[in-house]
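J.: Output the structure for:
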Amino acid sequence: MTKTIYSLFLVGLFLTLSLPLHAQVYYSDEKANYEILIDKSVYQVKAQLKENIPGSRRLQMAKSRLRLKAVDLVGNYIIFKNTVINHDNKEELFEAFVDYSQLHFEAQINHFTATAWDNCGASRCIYFQCNKEDFTIEESSYFQVDLNQLLQSNFDRKRSLSAACLLFQEEDNDIKESRDIEGFFLSGRGKLETEYQHLLKLHPYSQLQYSLFESDSILEASTYQAFELPISNCNFERLIKYKILFTCAPYNKKKAAFNELEEALNEMKGLWWEIQSFAIDERNKADFPGFENATSFDVVMAYPAALNIYGLQITSPGEFYQKALVSFAEEDFKKTIEWLQNEINLNGFSSETLNLIGATYRLKDHPEKGLPFLLLAYNMNPETLYLKGNISLCLSILDFPNLDALNAYYLQTPNLDNWSRNQIEK
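T.: Predicted structure coming up:
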């Protein structure tokens, strides 16, 4: 749909802006930040440059460009306000709406006026304004919005926890999307407070090991600082932050972090979170020796879904794993577990090792012990051979209520190995 503007008069007036306007929504692009300000009778756009532009000619060119953008934003705002978007935080989605819709509208516009340049702090700003009665959108410009696509667009633009929280309020988030966004923040690529960013940079891929076996005053102090920060009631934010804290925390704080994480997972919507919550409900706690005496292997089993994989020592399978393969082939499952404990505790984590632990416990009739290792393996590398079949079998034995949905998802994933496919299709 093309934008047709009728009777458009762009008048450069020096206005005295004393109207009781207030910001409704905001927008930002590579050139400027914009505020759309509204009262009962006026639309106004404040545009503030991100960089200083020298020279009157270049300023005039910038003014013309910003004027066109202001017209576009007012039109988008009118359509946005009149579009049904069933979301509690609708106003936060305006930037995403503009990006998502790439809107071309038909309108009648009269007397869209501009002020002279002004100084707004360290940069220049300018205002554009028109009366509401002078900006009319044609009915043909309105359309229906796909909320999930809009929320995804909002996250793609902002890459923030608040945008992720809005996205995960909806139920239609598949496992890959959920896992990818979780990993985006746990790896430190997403926007987190400085204290969390600092914490993630301390001993990357070794944080669990340091929290259990080393006395590191800097890691401990940084963890306490992060614990003191307020955390919103957004369950996704709580999930991210308490996984980071559980992995890094000293003995006396790990249980508190886990309890908060468990509560957040219980409230999350989506299959990925449901599986993690189920693993916690089914977990084996009886064999846990306490954090003071626990190994990395013990922590994984007793506290499923609690670890940040970017705080674990991830390696290739080593000597103990090769010995475990021999014992597994001989169906000596007790010896297999002993070798795999050594592999985890002395060499480190690999998705292959974790998958074999899960398979061994399943064959020992303890799927509740194996499931935490399988989910951790999936978080590291979902393409691990036989992994999806092992997860499906364990969940089937444990009567996971949403197994059909998980199996349907797995059967649609590319590169599903034949053994896993056969187990899932049984």
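
J.: alpha carbons only for contacts and neighbour counts from here, please
T.: OK.

J.: any idea how far residue 39 is from the residue nearest the centre of the chain?
T.: The chain has residue 181 as the residue nearest its centroid, 3.7 Å off, counting by CA atoms, centre = their mean. According to CA to CA, to the nearest Å, residue 181 and residue 39 sit 38 Å apart.

J.: Would you tell me what the next helix or strand after the helix or strand of the chain with the lowest mean pLDDT is?
T.: One helix or strand of the chain scores below all others by mean pLDDT, DSSP states H and E: strand 10-12, with a mean of 37. As assigned by DSSP states H and E, the chain's next helix or strand after strand 10-12 is strand 22-28.

J.: strand partners of that following strand, parallel vs antiparallel please.
T.: Strand 22-28 has its sheet partners listed here by DSSP bridges as strand 32-38 (antiparallel).

J.: What's the mean pLDDT across the strand it pairs with?
T.: The pLDDT scores in strand 32-38 average 93.

J.: Touching the helix or strand following that strand from outside, list them.
T.: Heading C-terminal from strand 32-38, the first helix or strand you meet, by DSSP H and E, is strand 42-49. Here strand 42-49 makes contact (CA atoms under 8 Å, 6 or more residues apart in numbering) with 31-38, 66, 70, 74, 120, 123-132.

J.: Strand 42-49 vs strand 22-28, what angle?
T.: For strand 42-49 against strand 22-28, the angle by axes from the mean of the first three to the mean of the last three CA atoms, to 10 degrees is 40 degrees.

J.: helix or strand for the closest residue to residue 236 other than its chain neighbours, which one?
T.: Spatially, and ignoring its direct neighbours in sequence, residue 236 is nearest to residue 165 (5.8 Å; CA to CA, 6 or more residues apart in numbering). Using DSSP H and E, residue 165 sits in helix 161-167.

J.: following that helix, which helix or strand shows up next?
T.: Sequence-wise, the next helix or strand downstream of helix 161-167 (DSSP H and E) is helix 175-186.

J.: For that next one, buried residues please.
T.: Across helix 175-186, burial judged by 16 or more other CA atoms under 10 Å covers 175, 178, 181, 182, 183, 185, 186.

J.: and which of the residues you listed is nearest to residue 417?
T.: Residue 417 has its nearest neighbour among the buried residues of helix 175-186 in residue 175, at 18.3 Å by CA to CA.

J.: so how far is residue 379 from that closest one?
T.: 11 Å.

J.: Quick check on the contacts of strand 42-49: which are buried?
T.: 32, 34-38, 66, 70, 74, 124-132.

J.: by contact count, what packs against the helix or strand that contains residue 281?
T.: Using DSSP H and E, residue 281 sits in helix 271-282. Using 3 or more CA pairs under 8 Å, 6 or more residues apart in numbering; DSSP states H and E, the elements in contact with helix 271-282 are helix 175-186, helix 251-267, helix 367-380.

J.: The nearest residue to residue 30 once chain neighbours are set aside - how many residues pack around it?
T.: Nearest residue to residue 30 in three dimensions, chain neighbours excluded: residue 50, at 7.7 Å (CA to CA, 6+ apart). Residues lying near residue 50 (other CA atoms under 10 Å) number 16.

J.: Please name the residues that touch the residue nearest to residue 109 when sequence neighbours are not counted.
T.: Nearest residue to residue 109 in three dimensions, chain neighbours excluded: residue 135, at 4.6 Å (CA to CA, 6+ apart). The contact partners of residue 135, by CA under 8 Å, 6+ apart, come to 75, 107, 108, 109, 110.

J.: In stretch 77-94, which residues are buried?
T.: 77, 78, 79, 80, 85, 92, 93, 94.

J.: out of these, who's nearest residue 218?
T.: Closest to residue 218, out of all of these and judged by CA to CA, is residue 92, at 37.5 Å.

J.: which phi and psi does the closest one have?
T.: Main-chain torsions, residue 92, degrees, to the nearest 10: phi -70, psi -10.

J.: can I assume it is in contact with residue 25?
T.: Yes. Contact criterion CA atoms under 8 Å: residue 92 and residue 25 qualify, at 7.4 Å.

J.: Poorly predicted segments of this structure, please.
T.: 1-23, 103, 170-172 (pLDDT under 70).
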